[in-house]
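Peer 1: Give the three-dimensional model of this entry:
(one chain, ligands or ions: 1)
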Amino acid sequence: MELQLALDLVDIHGAKQVVKEVAPYIDIVEIGTPVVINEGLHAVKAIKDEFPSLKVLADLKIMDAGGYEVMKASEAGADIITVLGVSDDATIKGAVDEARKQNKKIMVDMINVKDIAGRAQEIDNLGVDYICVHSGYDHQAAGKNSFEDLATIKRVVKRAKTAIAGGIKLQTLPEVIGAQPDLVIVGGGITGSDDKQAVAAEMQRLIKQG
Ligand SMILES: O=C([C@H](O)CO)[C@H](O)[C@H](O)COP(=O)(O)O
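Peer 2: Residues are numbered from 1 along each chain as shown. Sure, this is the predicted structure:
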(Lines give C-alpha, C1' and ligand atoms only; values in the text may rest on other atoms or scores of the structure.)
Protein backbone atom coordinates (compact mmCIF):
# COMPACT_ATOMS: atom_id res chain seq x y z
CA MET A 1 0.00 0.00 0.00
CA GLU A 2 1.35 3.44 -0.95
CA LEU A 3 0.69 6.97 0.31
CA GLN A 4 0.04 9.90 -2.01
CA LEU A 5 0.16 13.49 -0.78
CA ALA A 6 -2.35 15.72 -2.60
CA LEU A 7 -1.38 19.38 -2.91
CA ASP A 8 -4.38 21.47 -3.86
CA LEU A 9 -4.38 24.84 -2.14
CA VAL A 10 -0.78 26.00 -2.65
CA ASP A 11 1.36 27.71 -5.27
CA ILE A 12 4.59 26.18 -6.60
CA HIS A 13 6.68 27.67 -3.80
CA GLY A 14 4.25 26.41 -1.15
CA ALA A 15 4.16 22.98 -2.77
CA LYS A 16 7.94 22.68 -2.60
CA GLN A 17 7.93 23.67 1.08
CA VAL A 18 5.38 20.98 1.99
CA VAL A 19 7.10 18.26 -0.05
CA LYS A 20 10.46 19.10 1.58
CA GLU A 21 8.87 18.46 4.98
CA VAL A 22 7.21 15.16 4.19
CA ALA A 23 9.15 13.63 1.28
CA PRO A 24 10.58 10.66 3.27
CA TYR A 25 7.08 9.56 4.26
CA ILE A 26 5.26 9.62 0.92
CA ASP A 27 5.47 7.64 -2.31
CA ILE A 28 3.66 9.94 -4.73
CA VAL A 29 3.11 13.69 -4.75
CA GLU A 30 -0.04 14.94 -6.46
CA ILE A 31 -0.17 18.29 -8.16
CA GLY A 32 -3.86 18.93 -7.53
CA THR A 33 -6.37 20.24 -10.04
CA PRO A 34 -6.53 23.75 -8.51
CA VAL A 35 -2.72 24.02 -8.69
CA VAL A 36 -2.71 23.00 -12.35
CA ILE A 37 -5.46 25.53 -13.05
CA ASN A 38 -3.52 28.30 -11.30
CA GLU A 39 0.03 27.46 -12.32
CA GLY A 40 -0.26 25.20 -15.35
CA LEU A 41 1.86 22.12 -15.98
CA HIS A 42 4.91 24.15 -14.89
CA ALA A 43 3.98 23.06 -11.36
CA VAL A 44 4.40 19.40 -12.33
CA LYS A 45 7.79 20.13 -13.90
CA ALA A 46 8.96 22.20 -10.92
CA ILE A 47 8.19 19.43 -8.43
CA LYS A 48 9.59 16.62 -10.61
CA ASP A 49 12.81 18.60 -11.17
CA GLU A 50 13.27 19.24 -7.45
CA PHE A 51 12.19 15.78 -6.19
CA PRO A 52 13.17 13.34 -8.97
CA SER A 53 12.93 10.29 -6.73
CA LEU A 54 9.23 10.90 -5.99
CA LYS A 55 6.53 9.86 -8.42
CA VAL A 56 4.45 12.88 -9.49
CA LEU A 57 0.75 12.63 -10.30
CA ALA A 58 -0.87 15.36 -12.39
CA ASP A 59 -4.51 15.57 -11.30
CA LEU A 60 -5.80 16.87 -14.63
CA LYS A 61 -9.19 15.11 -14.27
CA ILE A 62 -9.22 14.72 -18.07
CA MET A 63 -12.70 14.65 -19.65
CA ASP A 64 -11.82 14.83 -23.36
CA ALA A 65 -8.79 14.70 -25.66
CA GLY A 66 -7.24 12.02 -23.46
CA GLY A 67 -4.26 11.25 -25.68
CA TYR A 68 -3.21 14.87 -26.20
CA GLU A 69 -3.52 15.89 -22.56
CA VAL A 70 -1.62 12.82 -21.36
CA MET A 71 1.12 13.66 -23.87
CA LYS A 72 1.43 17.23 -22.51
CA ALA A 73 1.46 16.10 -18.86
CA SER A 74 4.07 13.45 -19.72
CA GLU A 75 6.28 16.10 -21.34
CA ALA A 76 6.06 18.06 -18.08
CA GLY A 77 7.35 15.04 -16.15
CA ALA A 78 4.18 13.51 -14.70
CA ASP A 79 4.42 9.80 -13.90
CA ILE A 80 0.67 9.31 -13.39
CA ILE A 81 -2.19 11.32 -14.93
CA THR A 82 -5.86 11.30 -13.94
CA VAL A 83 -8.83 10.85 -16.27
CA LEU A 84 -12.47 11.01 -15.17
CA GLY A 85 -14.50 7.81 -14.99
CA VAL A 86 -17.56 9.67 -16.31
CA SER A 87 -15.77 10.47 -19.57
CA ASP A 88 -16.23 8.52 -22.79
CA ASP A 89 -14.47 5.17 -23.20
CA ALA A 90 -12.66 6.65 -26.23
CA THR A 91 -11.16 9.35 -23.99
CA ILE A 92 -9.95 6.78 -21.46
CA LYS A 93 -8.57 4.52 -24.22
CA GLY A 94 -6.77 7.46 -25.82
CA ALA A 95 -5.22 8.31 -22.46
CA VAL A 96 -4.14 4.69 -21.86
CA ASP A 97 -2.63 4.33 -25.35
CA GLU A 98 -0.61 7.54 -24.97
CA ALA A 99 0.50 6.60 -21.46
CA ARG A 100 1.80 3.25 -22.77
CA LYS A 101 3.84 5.10 -25.45
CA GLN A 102 5.29 7.45 -22.84
CA ASN A 103 5.81 4.79 -20.16
CA LYS A 104 3.37 6.58 -17.82
CA LYS A 105 0.36 5.45 -15.83
CA ILE A 106 -3.33 6.37 -15.89
CA MET A 107 -5.51 6.75 -12.83
CA VAL A 108 -9.27 6.95 -13.35
CA ASP A 109 -11.07 9.15 -10.83
CA MET A 110 -14.57 7.79 -10.15
CA ILE A 111 -15.86 11.11 -8.75
CA ASN A 112 -19.58 11.49 -9.58
CA VAL A 113 -19.90 8.03 -11.17
CA LYS A 114 -23.32 6.71 -10.14
CA ASP A 115 -22.90 2.98 -10.90
CA ILE A 116 -19.51 2.40 -9.28
CA ALA A 117 -19.52 -1.39 -9.70
CA GLY A 118 -20.61 -1.44 -13.35
CA ARG A 119 -18.41 1.43 -14.51
CA ALA A 120 -15.37 0.18 -12.58
CA GLN A 121 -15.61 -3.18 -14.38
CA GLU A 122 -15.84 -1.44 -17.78
CA ILE A 123 -12.89 0.81 -16.96
CA ASP A 124 -10.83 -2.08 -15.64
CA ASN A 125 -11.21 -3.71 -19.05
CA LEU A 126 -9.81 -0.58 -20.76
CA GLY A 127 -6.39 -1.31 -19.25
CA VAL A 128 -6.02 1.60 -16.82
CA ASP A 129 -3.45 1.38 -14.03
CA TYR A 130 -5.46 2.70 -11.07
CA ILE A 131 -9.17 3.09 -10.29
CA CYS A 132 -9.76 5.65 -7.55
CA VAL A 133 -12.98 6.20 -5.60
CA HIS A 134 -13.22 9.83 -4.57
CA SER A 135 -15.44 12.10 -2.52
CA GLY A 136 -14.46 15.54 -3.76
CA TYR A 137 -14.56 18.72 -1.71
CA ASP A 138 -18.22 19.35 -2.55
CA HIS A 139 -19.25 15.83 -1.55
CA GLN A 140 -17.20 16.08 1.64
CA ALA A 141 -19.05 19.30 2.50
CA ALA A 142 -22.27 17.26 2.26
CA GLY A 143 -20.84 14.72 4.74
CA LYS A 144 -20.00 11.97 2.23
CA ASN A 145 -17.01 9.65 2.04
CA SER A 146 -15.99 6.84 -0.31
CA PHE A 147 -15.44 4.00 2.14
CA GLU A 148 -18.36 1.91 0.78
CA ASP A 149 -17.26 2.58 -2.80
CA LEU A 150 -13.80 1.31 -1.92
CA ALA A 151 -15.28 -2.01 -0.79
CA THR A 152 -17.21 -2.14 -4.08
CA ILE A 153 -14.18 -1.64 -6.33
CA LYS A 154 -12.13 -4.07 -4.23
CA ARG A 155 -14.82 -6.64 -5.05
CA VAL A 156 -15.15 -6.05 -8.81
CA VAL A 157 -11.80 -4.72 -10.06
CA LYS A 158 -9.56 -7.57 -11.19
CA ARG A 159 -6.66 -5.90 -12.96
CA ALA A 160 -6.10 -2.26 -11.97
CA LYS A 161 -4.78 -1.10 -8.63
CA THR A 162 -7.38 0.44 -6.30
CA ALA A 163 -7.12 3.87 -4.67
CA ILE A 164 -9.21 6.11 -2.43
CA ALA A 165 -9.26 9.89 -1.96
CA GLY A 166 -11.37 12.46 -0.22
CA GLY A 167 -11.16 13.83 3.28
CA ILE A 168 -9.03 11.03 4.77
CA LYS A 169 -7.54 12.03 8.13
CA LEU A 170 -5.27 10.28 10.64
CA GLN A 171 -8.35 9.23 12.64
CA THR A 172 -10.09 7.64 9.63
CA LEU A 173 -6.98 6.09 8.09
CA PRO A 174 -7.23 2.77 10.03
CA GLU A 175 -10.70 2.14 8.56
CA VAL A 176 -9.32 2.82 5.07
CA ILE A 177 -6.32 0.55 5.64
CA GLY A 178 -8.70 -2.18 6.79
CA ALA A 179 -10.18 -2.22 3.28
CA GLN A 180 -6.69 -2.73 1.78
CA PRO A 181 -6.54 -0.31 -1.17
CA ASP A 182 -3.27 -0.24 -3.12
CA LEU A 183 -3.03 3.54 -2.71
CA VAL A 184 -4.30 6.04 -0.12
CA ILE A 185 -4.51 9.69 -1.18
CA VAL A 186 -4.41 12.36 1.53
CA GLY A 187 -4.54 16.13 1.05
CA GLY A 188 -5.94 18.26 3.85
CA GLY A 189 -5.34 15.49 6.39
CA ILE A 190 -1.64 16.31 6.07
CA THR A 191 -1.46 19.85 4.67
CA GLY A 192 -4.03 21.18 7.17
CA SER A 193 -2.25 19.86 10.23
CA ASP A 194 0.09 21.88 12.46
CA ASP A 195 2.83 19.26 12.27
CA LYS A 196 2.70 17.91 8.71
CA GLN A 197 5.84 15.83 9.13
CA ALA A 198 4.54 14.05 12.24
CA VAL A 199 1.17 13.29 10.62
CA ALA A 200 2.75 12.02 7.39
CA ALA A 201 5.20 9.87 9.38
CA GLU A 202 2.41 8.35 11.46
CA MET A 203 0.32 7.71 8.33
CA GLN A 204 3.27 5.96 6.72
CA ARG A 205 3.78 3.87 9.88
CA LEU A 206 0.13 2.79 9.92
CA ILE A 207 0.19 1.99 6.21
CA LYS A 208 3.37 -0.09 6.48
CA GLN A 209 1.91 -1.93 9.44
CA GLY A 210 -1.09 -2.71 7.18
O1 LIG B 1 -8.82 15.75 -5.98
C2 LIG B 1 -9.03 16.44 -5.03
C3 LIG B 1 -10.14 17.45 -5.01
O4 LIG B 1 -11.02 17.18 -6.08
C5 LIG B 1 -9.61 18.87 -5.18
O6 LIG B 1 -8.86 18.99 -6.34
C7 LIG B 1 -8.17 16.30 -3.80
O8 LIG B 1 -6.83 16.20 -4.19
C9 LIG B 1 -8.57 15.03 -3.03
O10 LIG B 1 -9.90 15.17 -2.58
C11 LIG B 1 -7.65 14.76 -1.83
O12 LIG B 1 -7.65 15.87 -0.98
P13 LIG B 1 -8.38 15.83 0.48
O14 LIG B 1 -9.83 15.57 0.23
O15 LIG B 1 -8.10 17.16 1.07
O16 LIG B 1 -7.73 14.70 1.24
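Peer 1: Might you enumerate the residues of the chain proximal to the ligand?
Peer 2: 6, 8, 30, 32-34, 59, 136-137, 165-168, 185-189 (C-beta under 6 Å from any ligand atom). Heads up, the C-betas are built off the backbone N, CA and C, glycines and all.
Peer 1: Buried subset of those residues, written for ChimeraX?
Peer 2: Buried members of these, defined by 16 or more other C-beta atoms under 10 Å, are picked up in ChimeraX with:
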select :6,8,30,32,33,59,136,165,166,167,168,185,186,187,188,189
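Peer 1: residue nearest the centroid of this structure?
Peer 2: I185 (5.8 Å; C-alpha atoms, centre = their mean).
Peer 1: Setting the sequence-adjacent residues aside, check what's closest to it.
Peer 2: Counting by C-beta to C-beta, 6 or more residues apart in numbering, A165 is the residue found nearest to I185 once chain neighbours are left out, at 3.6 Å.
Peer 1: Next: K16.
Peer 2: Computed as C-beta to C-beta, 6+ apart, the closest residue to K16 that is not its neighbour in sequence is E50, at 5.9 Å.
Peer 1: again with I131
Peer 2: The shortest distance from I131 to any non-neighbouring residue, by C-beta to C-beta, 6+ apart, is to A160 (4.7 Å).
Peer 1: Distance of P52 relative to the ligand?
Peer 2: According to C-beta to the nearest ligand atom, to the nearest Å, P52 and the ligand sit 22 Å apart.
Peer 1: Now do that residue against A46, distance only.
Peer 2: From P52 across to A46, the span is 12 Å (C-beta to C-beta, to the nearest Å).
Peer 1: cool, and V128?
Peer 2: 27 Å.
Peer 1: Compare these two and say which one has the larger neighbour count.
Peer 2: V128 (25 against 19; other C-beta atoms under 10 Å).
Peer 1: Three-state assignment for that one, please.
Peer 2: coil (DSSP: H, G, I helix; E, B strand; the rest coil).
Peer 1: How about the contacts made by it?
Peer 2: When contacts are counted by C-beta atoms under 8 Å, 6 or more residues apart in numbering, V128 touches V83, I92, V96, I106, M107, V108, A160.
Peer 1: All the strands of this protein, in order from the start?
Peer 2: All strands of the chain, identified by DSSP state E, fall at 2-7, 28-31, 55-62, 80-84, 105-109, 130-134, 161-165, 183-186.
Peer 1: Which one, of those strands, ends up nearest to K208?
Peer 2: Closest to K208 of the strands of the chain is strand 2-7 (C-beta to C-beta; 9.3 Å).
Peer 1: Show me what that closest one is packed up against.
Peer 2: If you count contacts as 3 or more C-beta pairs under 8 Å, 6 or more residues apart in numbering; DSSP states H and E, strand 2-7 packs onto helix 12-22, strand 28-31, strand 161-165, strand 183-186, helix 188-191, helix 196-209.
Peer 1: Not counting its neighbours along the chain, what's nearest the residue of the chain found nearest the ligand?
Peer 2: Nearest to the ligand in the chain, going by C-beta to the nearest ligand atom, is G187, at a distance of 2.6 Å. Distance criterion C-beta to C-beta, 6+ apart; nearest residue to G187, sequence neighbours excluded, is A6 at 3.4 Å.
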